[in-house]
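S.K.: Kindly return the folded structure for what I paste below:
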Amino acid sequence: MAGASKRLRQGQILKLVADGDIASQDDLRRRLAQEGMRVTQATLSRDLQELRLVKTAEGYRVLEATDTEEGAESRLARALREFLLDVREAQNLLVLKTPPGGAQPLAAALDAGRLRQVAGTIAGDDTVLVVTSSRRASGALQRRMRELLK
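M.R.: Here you go, the predicted structure:
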């Protein structure tokens, strides 16, 4: 089943998410491998996005209609309140620290927020690297994040 069809793979993903707590993409990838489906992290990320699965503190869940009606800015504010532990500035870069598993949802919220200061994000497990266009943009982004945390 290594070359399983996209529809079958995505159906298995939905089943696994519904059946139990999936704490991370790696956890989901391992569970799929136990089902005989090997997927890359990039494919899994695309599947999660297409299936509209979001990561919460309790694990992955399907994005609800009320979530889509909520503005990107309020989603970003919620993600900042839920996941942001620390911010460190380094020139035009911000290093955001989160609990384990919190970096991906925070980076996704930053990307979806389409803040003009954000050139891009890179997320690991507990760290998000935010690239801004300048040191001034980095400071402005920090101020905006503080406002959203209020």
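S.K.: the strands in the chain, which residues?
M.R.: Under the criterion DSSP state E, the chain carries strands at the ranges 53-56, 59-62, 86-90, 93-97, 118-123, 127-132.
S.K.: Distance to Glu73 added to the ones you listed, as TSV?
M.R.: All C-beta atoms are positioned from the backbone trio N, CA, C, and that covers glycine. Formatted as TSV, the strands of the chain follow (distance: least, Cβ to Cβ, whole Å):
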stretch	distance to Glu73
strand 53-56	16
strand 59-62	21
strand 86-90	18
strand 93-97	17
strand 118-123	13
strand 127-132	16
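S.K.: Among those strands, which comes closest to Asp27?
M.R.: Asp27 lies closest to strand 59-62 among the strands of the chain, at 8.5 Å (Cβ to Cβ).
S.K.: mind listing what that closest one pairs with, with the direction of each?
M.R.: strand 53-56 (antiparallel) (DSSP bridges).
S.K.: Which positions within the strand it pairs with qualify as buried?
M.R.: Leu53, Val54, Lys55 (16 or more other Cβ atoms under 10 Å).
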